[in-house]
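Participant: output the structure for:
(chains A, B and C)
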Amino acid sequence: MKKKCMVSAILIGFSWALLTIPARGQETAGIFEQPLLITSAGQNAEVQIVAVLAKRAGLNYTLSKQATAADLENMKTLVLVLGASLKGLGAAGLDMDKERERVMALITAAQKAQVPLLCLHLGGETRRGPQTDDLIAEVLLLAKMVIVVKSGNGDGFFTKLCQPRNIPLVEVEKTADVQIPLQKAFK
Amino acid sequence: MNRIKAPALSAAFFLFLTGILCYFSGRSFRTMHRSETVFPSVGLTDTHQLSDYFPPLKNTHGDTEVYIFRGMEKGGNLLVLGGTHPNEPAGLMTAVLLIENIRGKRGNVIIVPRANSSGFTHSDPQEGNPQRFEVPTPAGPRLFRLGSRLTNPVDQWPDPAIYINPAGQKLSGNEVRNLNRCYPGRANGFLTERIAFAIMELIRRERVDIGIDLHESAPEYPVINAIVFHENSSELAALALLELQAEGFDIRLEASPVNLRGLSHREWGDHAGIKAILLETPNASHGRLKGKPSSSLIVDGKDKFYAKASRLGWLFVPYGEEGIPLSLRVARHLAALKALLGGLAELEPEKAVEFEGMPLPSEVQKKGVGAFLHPPT
Amino acid sequence: MLRIFYHLIVLYLSFHLLWHLFRQKKPWSQAGAALVLTLFLLRLFLIK
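Facilitator: Residues are numbered from 1 along each chain as shown, chains lettered A, B, ... in the order given. Coordinates of the predicted model:
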C-alpha cells in the first residue's frame, strides 16, 4: 500500500513537471526581474487575466493596455499578451497597423533599455488568425521566453517559431496554469 | 340575377372562412400575451412590478415582475436580468430556475426574468419559430414562450429610419425596439427606452452593486461563450474566468467597447456606476445556419447543419452531433454567476452576495433544467 | 394619431379587398382574396 502511494505520488509529480517544463529544456526559472510592465499586443482582454495571475503570484506589476516607451521607466521586464481582438482594437480607437506600430516601438525601447521580453498567448485557438499570427511572428522572435495555452499551439505555430531560435516555450493546459511558470520565471 | 348570385354566395362563404381563420389565428396570437407562471421559492421576500420604480410604465406591456430575495446578513445587491432578448431562452430559464430555488443569505438578489415583457408577446416574423418550447420536468412538461429580440411593434410603432439612442449612438431603425441598445433609457421616450429607464431606476433605488444580463448568441457569432465586462469589472471578470476554467467551462473575456453605446454592459457601468457584466451562451435556434426551428432544437440543441458547420470550422464554438442543450447553456450561466459572486467576495468582501438552494451547474447539466423546476399545474 | 392613420389605411385596404372578393367570379380568385383579407383583418385588430 505504502509502495503504491509512493509510486502514485512520483507519477503525479512527474506529470506535473512534464506540464510545466519547457519544450526544449531551456532555462525558464528566475530569468526575469521585477517590476514588470504588462500590456497587450492586439488589445485583447486576456491582458486582464495576466494581471490577475501576476497579482496572485505576488509579482510587482503595472498594467497598461496602451503602454508606450515612457511606461518602461523603472521596469525590469516587459510582458506582452499576444492576440488581436477587433472589438478591443475598435474600443481603443486603433487599427492593426497602429497597434503594430505601438508594440514595435515599445519593444524597440525595451531592447534599448535592456528590458527583456516575456510573451504570453492565453486565448487558445480562438485568439489566432492571420492578423494575430502576423503580429506574433514579428514579436515572438524578440522574446526571451514564451508561455502559451496549449490549444493555441495546436498547429505547432509557436513551436516552429521558438525552436530554431532556442526561445524557451512553456505550454500549459489551462489559463489558470499560467500562474506557476509565470511565478517561476521571476526572481 | 342567377349569374351574380352564385359568385356572391361563394364569396360570402369565403368571407365566413376568413372570419373563422381570423378567430383561430388571432386567438393563437393572443395566447402569447399570457405570461408563463413562475413559482417562487419560499425564500422570496418581495415581489414588485417594474412600474413600482417608474410609474409611467404601469398598464403597458413593458411592465414586468421583479422578484427580490433579501438575505439576513448585510452584503451587496445583485441584479440578474433574464429575457432582455426573449428569443434567447437560456436567460429566461436561468432566471426562473433561480426564482424557484434560491433563498437569500447575505445581501439581496433582485431578479427580473422577463426584462422586455413586450418582446415575449410576439415572435420574429419569417423565422418559423415555435411560439413556445417545452421543458420536461419529472411531473410533466412546462411551456415557456419563445419571443422576439425586439419589442412588439403593436406596442411601439413606427420605427424611425435611423435611431439615435439615449447614449447618442446612431443605429439602424429597428434597434429602437432592442432593449439592449436603449440604455440608459429616456423617461419620455419610446416604450423600450422607458423600460430601460425603469431598469436604471431599479438599479438606483435598490442600490445594485453588480448587474448580470443573461443572453445567448448564434454559434457563428464571435462573441460567444463569453463574459462581456465593463472596464470597472475587469478584475472581477478575469477572476470569474479562472474559476470557470477550473470547473471545466471553456469561456472567454470580451471587454465592453467604450464606443459601443446603449448596451447594459456599457451604460449600467457608466451611468449607475455598478459592476456590469453580460453573459453569452451558444444557441443554435438563434442562428442563421439552423435547420427546422422547433421546441426540441431549443431544448436539446441538436442540429445537423451546425454540426457540419463546426466540422468545416465556420463556428466560434465546437458544435458536435450531440448539440448544446438548454441544460448546458443554463448550467454555464449558473456557473458564471457563481464564479462572479466568488470573485466579488474576494475583491470586495463587504459587497458579497450569498444565497442558498441554487442547483449546482453540474447537476443541471446532468439532470436537465426541468429537474429543478416546480411541477406544472 | 399615427395609430388612427394606420387603422384608416388598413380599413380602406380591407374594404377594397372585400369589394374585390365579391367581384371575383372564380372560386380560386375568391379564396386568394379571402386569404389576403385575413392578414389585413388581423392587422386591423392589431393582432401580432
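
Participant: could you point out which residue ranges in the chain have low pLDDT?
Facilitator: I'll assume chain A. Applying pLDDT under 70 to chain A flags residues A:1-3, A:5, A:7-26.

Participant: ah, no, chain B please
Facilitator: B:1-6.

Participant: not counting its neighbours along the chain, what's nearest the most centrally placed residue in it?
Facilitator: Geometric centre of chain B, nearest residue: B:Gly83, 2.4 Å, by C-alpha atoms, centre = their mean. Residue nearest to B:Gly83 in three dimensions, not counting chain neighbours: B:Arg114, with 4.0 Å by C-beta to C-beta, 6 or more residues apart in numbering or on different chains. From N, CA and C alone the C-beta is placed, and that goes for glycine too.

Participant: what strand or helix carries that neighbour?
Facilitator: Assigned by DSSP states H and E, B:Arg114 falls within no helix or strand.

Participant: surely it meets B:Tyr67?
Facilitator: No. With contact defined as C-beta atoms under 8 Å, B:Arg114 does not reach B:Tyr67; the gap is 10.8 Å.

Participant: still on that earlier bit, distance of the residue nearest to the centre of chain B from C:Leu21?
Facilitator: 41 Å (C-beta to C-beta, to the nearest Å).

Participant: can you check B:Ser327 too?
Facilitator: Plainly put, B:Ser327 is 50 Å away from C:Leu21 if you go by C-beta to C-beta.

Participant: any idea how far the helix or strand A:Arg102 falls within is from the chain center?
Facilitator: Per DSSP H and E, A:Arg102 falls inside helix A:96-112. Helix A:96-112 has its C-alpha centroid displaced from the chain centroid by 16 Å (C-alpha atoms, centre = their mean, to the nearest Å).

Participant: got a list of contacts for it?
Facilitator: Outside helix A:96-112, the residues that touch it by C-beta atoms under 8 Å, 6 or more residues apart in numbering or on different chains are A:39, A:41-43, A:66-69, A:72, A:78, A:80, A:84, A:89, A:92, A:94, A:116-117, A:131, A:135, A:138-139, A:142.

Participant: before we move on, what about stretch B:356-373?
Facilitator: With C-beta under 8 Å, 6+ apart as the criterion, stretch B:356-373 contacts B:41, B:43, B:93, B:96-98, B:100-103, B:105, B:135-138, B:141-142, B:247, B:249, B:325-328, B:330-332, B:334-335, B:337-338.

Participant: contact partners of stretch B:12-20?
Facilitator: Outside stretch B:12-20, the residues that touch it by C-beta under 8 Å, 6+ apart are C:18, C:21, C:27, C:30-31, C:33-35, C:37-38, C:41.

Participant: so which of these belong to strands?
Facilitator: Among the contacts of stretch B:12-20, DSSP state E puts none in strands.

Participant: how far away is the residue nearest to the spatial centre of chain A from chain C?
Facilitator: Nearest to the geometric centre of chain A sits A:Leu120, at 1.6 Å (C-alpha atoms, centre = their mean). Distance, A:Leu120 to chain C, using C-beta to the nearest C-beta, to the nearest Å: 52 Å.

Participant: just B:Thr37 next, same as before
Facilitator: Distance, B:Thr37 to chain C, using C-beta to the nearest C-beta: 23 Å.

Participant: thinking again about what came up before, sec struct for the residue nearest to the centre of chain A, please.
Facilitator: At A:Leu120 the chain is in strand, as set by DSSP: H, G, I helix; E, B strand; the rest coil.

Participant: wait, it touches A:Val148, no?
Facilitator: Yes. When contacts are counted by C-beta under 8 Å, A:Leu120 is listed as touching A:Val148 (7.2 Å).

Participant: now the strands: where do they sit in the stretch 151-300 of chain B?
Facilitator: Using DSSP state E, counting those that start in this stretch, the strands found in the stretch 151-300 of chain B span residues B:162-164, B:170-172, B:210-217, B:226-229, B:252-255, B:275-282.

Participant: and of these, who's closest to chain C?
Facilitator: strand B:162-164 (16.5 Å; C-beta to the nearest C-beta).

Participant: just checking, what packs against the closest one?
Facilitator: Applying 3 or more C-beta pairs under 8 Å, 6 or more residues apart in numbering or on different chains; DSSP states H and E, one finds that strand B:162-164 contacts strand B:170-172.

Participant: so what are the sheet partners of the strand it packs on and their directions?
Facilitator: strand B:162-164 (antiparallel) (DSSP bridges).

Participant: just give the nearest non-adjacent residue to the closest residue to chain C within chain B, would you?
Facilitator: Closest to chain C within chain B is B:Phe14: 3.9 Å, counting by C-beta to the nearest C-beta. Spatial nearest neighbour of B:Phe14, excluding adjacent residues (C-beta to C-beta, 6+ apart): C:Ala34 at 3.9 Å.

Participant: tell me how far that neighbour lies from C:Leu44.
Facilitator: 15 Å.

Participant: of these two, which one has the most company?
Facilitator: Neighbours per residue (other C-beta atoms under 10 Å in any protein chain shown) separate C:Ala34 from C:Leu44, with C:Ala34 holding more: 23 against 17.

Participant: wait, isn't that one in contact with C:His20?
Facilitator: No. Using C-beta under 8 Å, C:Ala34 makes no contact with C:His20, being 10.0 Å away.

Participant: residues in contact with the residue in chain C that chain A sits nearest to?
Facilitator: The nearest approach of chain C to chain A comes at C:Lys48, 34.5 Å away (C-beta to the nearest C-beta). Counting by C-beta under 8 Å, 6+ apart, C:Lys48 touches B:29, B:122, B:152-154, C:42.

Participant: give me the residue at the spatial middle of chain C.
Facilitator: Mean-position check on chain C, C-alpha atoms, centre = their mean. Result C:Ser14 at 2.8 Å.

Participant: tell me if I'm right that B:Ser285 and B:Glu127 touch.
Facilitator: No. Applying C-beta under 8 Å, one finds B:Ser285 not in contact with B:Glu127, separated by 9.3 Å.

Participant: joint contacts of those two?
Facilitator: What both B:Ser285 and B:Glu127 touch, as defined by C-beta under 8 Å, 6+ apart, is the set B:Pro293.

Participant: these two - which one has more neighbours?
Facilitator: Set side by side, B:Ser285 and B:Glu127 show more neighbours around B:Ser285, with 25 against 14, by other C-beta under 10 Å.

Participant: which stretch of helix or strand covers the residue nearest to A:Arg56 when sequence neighbours are not counted?
Facilitator: Of all residues not flanking A:Arg56 in the chain, A:Gln179 sits nearest, at 5.8 Å (C-beta to C-beta, 6+ apart). If you go by DSSP H and E, A:Gln179 is part of helix A:179-185.

Participant: burial of residue 46, as a residue count?
Facilitator: Answering for chain A, as no chain was given. A:Glu46 has 27 nearby residues by other C-beta under 10 Å.

Participant: nope, chain C please
Facilitator: 15.

Participant: secondary structure element holding it?
Facilitator: Assigned by DSSP H and E, C:Leu46 falls within no helix or strand.

Participant: ok, the closest residue to it other than its chain neighbours to B:Ser25 distance?
Facilitator: Distances taken as C-beta to C-beta, 6+ apart place B:Val154 nearest to C:Leu46, at 4.9 Å, with adjacent residues excluded. Using C-beta to C-beta, B:Val154 is found at 15 Å from B:Ser25.

Participant: go on, A:Val79?
Facilitator: Taking C-beta to C-beta, one finds A:Val79 at 62 Å from B:Ser25.
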